[in-house]
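Colleague: return atomic coordinates for the entry below.
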Amino acid sequence: MNVAVRAPRRKKATPDPADLLAWYDRHRRVLPWRARKGERTAPYAVWLSEIMLQQTTVKTVGPYFAKFLGTWPTVEALARSPLDDVLRAWAGLGYYARARNLHACAIAVVERHGGVFPADLDALRALPGIGDYTAAAVGAIAFDLPAVPVDGNVERVVTRLFAVEEALPAAKPEIKRLAASLMPASRTGDFAQALMDLGATICTPKKPACALCPFDTVCIARARGDQETFPRKAPKREGKLRRGAAFVVLREDNRVLLRQRPEKGLLGAMTEVPGSEWSHDFDVATALDAAPKIARATWRKLAGEVTHVFTHFPLALTVFVARVPKTAAAPKGARWVKVADLPGEALPNVMRKVLAHALD
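Modeller: Numbering: from 1, shown residues only. Predicted coordinates:
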């Protein structure tokens, strides 16, 4: 008696985008800015969410996205809003240049394109704050243009699929080329979101769920067993510690002195308490030379320091506090704000830490 023996299933040699799209149709994430299956997300929602998601988690962005969309439901409404209002709504998301560029981009879309985002990658890249990634994301997701946005999740998926040995950031051009090689002829918007979802939920930095991955049988790193070592990364250079002083002036009527930072530079146009320059050679012995000039202000140095880490350097601030009469006038360029109103101010996290330290 002859018994038929089934031949083992042949593994595919290369990743097939159809496999990823089929996986996405079953497992796509439900996100506040993502259209329902079969629908296309509005360009404004794609752009707004992508700007917010840069250097920030989905969980953090959700409430901010809802707040922005409720306050400014269209790009025209956002363009009409004062920058200060946008910065206040953005406070807590960090990387505040994004908020300034967001506002500038809204104005540019209204002035250059009549309030309609252009369905063209070059025109999108020409807008303030929109680089290659955001242009590709808006182009693919909102307009189904032939583009693959490459974020951190996509970098991880691609470097593992093809075992890209070159370290980031030097490997970025090769990763973009390989990601583009996977792009299907249609459904490019779904494909872009599928890659993002795959990296966020399956191809995670640690302990990826490879057995659930639609590319499991064609992933080179998976076959080698070293998938968690990708992407390769060059040693990170840590910035040198900077120090400075922050001056919290409290008036008898429970108001605090605030001012606006210069529009250009770190934390541009954000609100802060007065302070010194931040430098490597800061000398606390001469810190009061930078204190705001207010009559009858007697400064007290608080114990400890407020620390914060920016992208390129860590910061340590010595905090000084002074209490002054309610008749005290604000120096030029500063203003008094009720302590109760501080949550609504465009204060970056480092300044909120300073105020919490002083008002505790």
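Colleague: enumerate every residue touching the residue nearest to Thr71 when sequence neighbours are not counted.
Modeller: Closest residue to Thr71 in three dimensions, ignoring its sequence neighbours and counting by Cβ to Cβ, 6 or more residues apart in numbering: Ala89, at 6.4 Å. (C-beta placed from N, C-alpha, C; glycine too.) Contacts for Ala89 (Cβ atoms under 8 Å, 6 or more residues apart in numbering) come out as Tyr64, Lys67, Phe68, Thr71.
Colleague: 7 Å instead, please
Modeller: In this structure, Ala89 makes contact with Lys67, Phe68, Thr71, judged by Cβ atoms under 7 Å, 6 or more residues apart in numbering.
Colleague: any idea how far it lies from Ala194?
Modeller: Distance of Ala89 to Ala194, given as Cβ to Cβ, to the nearest Å: 31 Å.
Colleague: ditto for Met351
Modeller: Met351 sits at a distance of 40 Å from Ala194 (criterion: Cβ to Cβ).
Colleague: what does Lys176 give?
Modeller: With Cβ to Cβ as the criterion, Lys176 and Ala194 are 17 Å apart.
Colleague: do the same with Glu345
Modeller: From Glu345 to Ala194 the distance is 40 Å (Cβ to Cβ).
Colleague: which one's more surrounded, the two?
Modeller: Ala194 (24 against 19; other Cβ atoms under 10 Å).
Colleague: nearest spatial neighbour of that one, chain-adjacent residues omitted?
Modeller: Tyr24 (3.6 Å).
Colleague: who touches the one you found in this structure?
Modeller: Asp190, Gln193, Ala194, Asp197.
Colleague: what secondary structure does it sit in?
Modeller: helix (DSSP: H, G, I helix; E, B strand; the rest coil).
Colleague: can you list the buried residues in whichever helix or strand Lys176 is part of?
Modeller: Assigned by DSSP states H and E, Lys176 belongs to helix 172-181. By 16 or more other Cβ atoms under 10 Å, the buried positions in helix 172-181 come out as Ile175, Lys176, Leu178, Ala179.
Colleague: that one packs against which elements?
Modeller: Judged by 3 or more Cβ pairs under 7 Å, 6 or more residues apart in numbering; DSSP states H and E, helix 172-181 is in contact with helix 152-162.
Colleague: output the helix it packs on as PDB, restricted to C-alpha atoms.
Modeller: Written as PDB, here are the backbone C-alpha positions of helix 152-162 (Å, rounded to 0.1, in the frame of the first residue of the first chain):
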ATOM      1  CA  GLY A 152      11.500  54.000  14.400                       C
ATOM      2  CA  ASN A 153       9.000  51.100  14.200                       C
ATOM      3  CA  VAL A 154       9.500  50.700  10.500                       C
ATOM      4  CA  GLU A 155      13.300  50.900  10.900                       C
ATOM      5  CA  ARG A 156      13.200  48.000  13.400                       C
ATOM      6  CA  VAL A 157      11.000  45.900  11.100                       C
ATOM      7  CA  VAL A 158      13.200  46.500   8.000                       C
ATOM      8  CA  THR A 159      16.600  46.100   9.700                       C
ATOM      9  CA  ARG A 160      15.400  42.700  11.100                       C
ATOM     10  CA  LEU A 161      13.800  41.500   7.800                       C
ATOM     11  CA  PHE A 162      17.000  42.200   5.800                       C
END
